[in-house]
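Could you work out the structure for the sequence below:
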Amino acid sequence: MGKPLIVILGAGLGGTIASYEIKAAVKDRADVMTVSDSDTYSFIPSNPWVAVRWREPEAIQVHLPPVFEKKDIGFTSVGAKRLHASEKRLELNDGTSINYDYLVISTGPELAFDEIEGLGPQGHTVSVCQTDHASAAAEAFDAFVENPGPIIVGAVQGASCYGPAYEFAMILDTELRRRKIRDKVPITYVTPEPYIGHLGLDGVGDTKSLLESEMRDRHIKWITNARVTGIEPGMMHVEEVAEDGAVKNTHDLPFNYSMMLPAFRGVSAIRDIEGLTNPRGFVIVDKHQRNPAFPEIFALGVCVAIPPTGPTPVPVGVPKTGFMIESMGTAITANLASILDGKEPTAEATWNAVCLADFGDNGVAFVAQPQLPPRNVNWSSSGKWVHVAKIGFEKYFLHKVRKGESEPFYEKLALHVMGIHKLRF
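Okay, the predicted model is just below:
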């Protein structure tokens, strides 16, 4: 009887680091293989910089095959067509299949641009969700600066990742000031959040005041409780919703350039599998990151189902931040090691959050423990140090990915930030 096979589906932030960590933990007790639809890892937090050409795509990417080979981890970038969970079989896009003993799903999301007419790179707005999207956004920005006009940045209803939208609005402001054309560019921030700084987390520390103040200082107007009903070339249609759900106001917003984050859903390879995913296609897991219906399947990252923090007039999702994703991967690693030892899984993810939101010349940082309220730590701060810290973290993280090393990156970052500010977990 051969060794059990552990398959990691996805090679983004969660999948790549989980692959390294799981292989280091199980050693020769199991074979480990990673399945991706790309042979390139991209450091997604740097995408807003790519969109204004502060980074070239190659600077934030890692070619994965040689790293996985060095670590004795199987790898394919053929991509998954369909998971057959009851058969413990993963069907690939080339028609072949992999029969696994344990599966770790870390696919990230499918970007639901199609849910709003005119949204996304195939429509009339740009995106920073993927590095190729950010590269296309940079080309659009090059054209924009030759013919400046109104900019709209934000997120549509159902979105769950707001940090990049705030970052990009501020980064655009910084870049336009450097180019001496900021006076020609009105900027409006459009979001389903009930207030600025909600972030899908009901705020962290004083993010409401910090981000409102930053936006006032930069002359960025905003519309909250916003529902985007459609986007035409150069025009966005928005409904502003009252607390009772009624439409309070409607806005027809002209733009020459717009970046709007979409809602997420589970990828097609795992959607609509009874017992595995919820109606939106996100993987259902217990406190050990394990699916109750298919106990050989674990999941981490954006593909995991998490309920919202509470009701809001317009649907607002919960972000899965790097710290949370990292802790999910660490818990799965420990639980797989326990199972191989014939024991029951006991490890649980901590689900803390640390975020460095860069604004190009300063930024806002926050630490939440746990990520969802009520919290033991609920802290935020701002300053130029955030911009410097994010640059340093980017270099450190990419260096470790290129070497195939796994360690608690975000936990180290949180401890460093909190140590500087004399905070305690």
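
how about low-confidence regions in this protein?
Low-confidence segments of the chain (pLDDT under 70): 1, 415-416, 418-425.

where exactly do the helices run in it?
13-26, 47-50, 64-70, 131-146, 163-178, 207-217, 322-340, 384-403, 409-420 (DSSP state H).

So for D272, which of those helices sits nearest?
helix 13-26 (21.7 Å; C-beta to C-beta). All C-beta spots, glycine's among them, are computed from the backbone N, C-alpha and C.

how about the helices of the chain in JSON lines, adding distance to L356?
Listed next are the helices of the chain as JSON lines, based on distance: least, C-beta to C-beta, whole Å:
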{"stretch": "helix 13-26", "distance to L356": "15"}
{"stretch": "helix 47-50", "distance to L356": "12"}
{"stretch": "helix 64-70", "distance to L356": "25"}
{"stretch": "helix 131-146", "distance to L356": "18"}
{"stretch": "helix 163-178", "distance to L356": "9"}
{"stretch": "helix 207-217", "distance to L356": "13"}
{"stretch": "helix 322-340", "distance to L356": "10"}
{"stretch": "helix 384-403", "distance to L356": "4"}
{"stretch": "helix 409-420", "distance to L356": "8"}
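
Just tell me which of those helices ends up closest to P233.
helix 131-146 (12.7 Å).

Contacts only, for G203.
Contacts for G203 (C-beta atoms under 8 Å, 6 or more residues apart in numbering) come out as 195, 197.

Turn the helices of the chain into CSV, including mean neighbour count and distance to E296.
Converted to CSV, the helices of the chain look like this (neighbours: other C-beta atoms under 10 Å; distance: least, C-beta to C-beta, whole Å):
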stretch, mean neighbour count, distance to E296
helix 13-26, 25, 14
helix 47-50, 26, 34
helix 64-70, 16, 22
helix 131-146, 17, 32
helix 163-178, 23, 34
helix 207-217, 18, 39
helix 322-340, 24, 9
helix 384-403, 16, 27
helix 409-420, 18, 27
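
Would you mind telling me which of these is nearest N376?
For N376, the closest of the helices of the chain is helix 409-420, at 12.0 Å, according to C-beta to C-beta.

Strands of the stretch 151-300 of the chain, start to end?
Under the criterion DSSP state E, counting those that start in this stretch, the stretch 151-300 of the chain contains strands at 151-155, 187-190, 220-223, 226-232, 235-241, 247-254, 257-261, 264-265, 297-299.

Just send those back as a markdown table, with mean neighbour count too.
Formatted as a markdown table, those follow (neighbours: other C-beta atoms under 10 Å):
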| stretch | mean neighbour count |
| --- | --- |
| strand 151-155 | 27 |
| strand 187-190 | 23 |
| strand 220-223 | 18 |
| strand 226-232 | 20 |
| strand 235-241 | 20 |
| strand 247-254 | 13 |
| strand 257-261 | 25 |
| strand 264-265 | 22 |
| strand 297-299 | 29 |
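
Show me the one of those that comes nearest P370.
strand 297-299 (18.5 Å).

still on that earlier bit, compare the helices of the chain and report which one is nearest to V354.
Between these, helix 409-420 lies closest to V354; by C-beta to C-beta that is 4.0 Å.

okay, stretch 187-202 in PDB with CA atoms only?
Output of stretch 187-202 as PDB, limited to C-alpha atoms (Å, rounded to 0.1, in the frame of the first residue of the first chain):
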ATOM      1  CA  ILE A 187     -12.500  61.300  -7.100                       C
ATOM      2  CA  THR A 188     -15.600  59.600  -5.600                       C
ATOM      3  CA  TYR A 189     -15.400  56.500  -3.400                       C
ATOM      4  CA  VAL A 190     -18.500  54.300  -3.900                       C
ATOM      5  CA  THR A 191     -19.100  51.400  -1.400                       C
ATOM      6  CA  PRO A 192     -21.800  49.200   0.000                       C
ATOM      7  CA  GLU A 193     -20.300  49.600   3.500                       C
ATOM      8  CA  PRO A 194     -22.700  51.300   5.900                       C
ATOM      9  CA  TYR A 195     -19.900  53.700   6.800                       C
ATOM     10  CA  ILE A 196     -16.400  54.600   5.700                       C
ATOM     11  CA  GLY A 197     -13.900  52.300   7.500                       C
ATOM     12  CA  HIS A 198     -16.400  49.400   8.100                       C
ATOM     13  CA  LEU A 199     -14.200  47.100   5.900                       C
ATOM     14  CA  GLY A 200     -16.600  44.200   6.200                       C
ATOM     15  CA  LEU A 201     -15.400  43.900   9.800                       C
ATOM     16  CA  ASP A 202     -17.700  46.600  11.500                       C
END
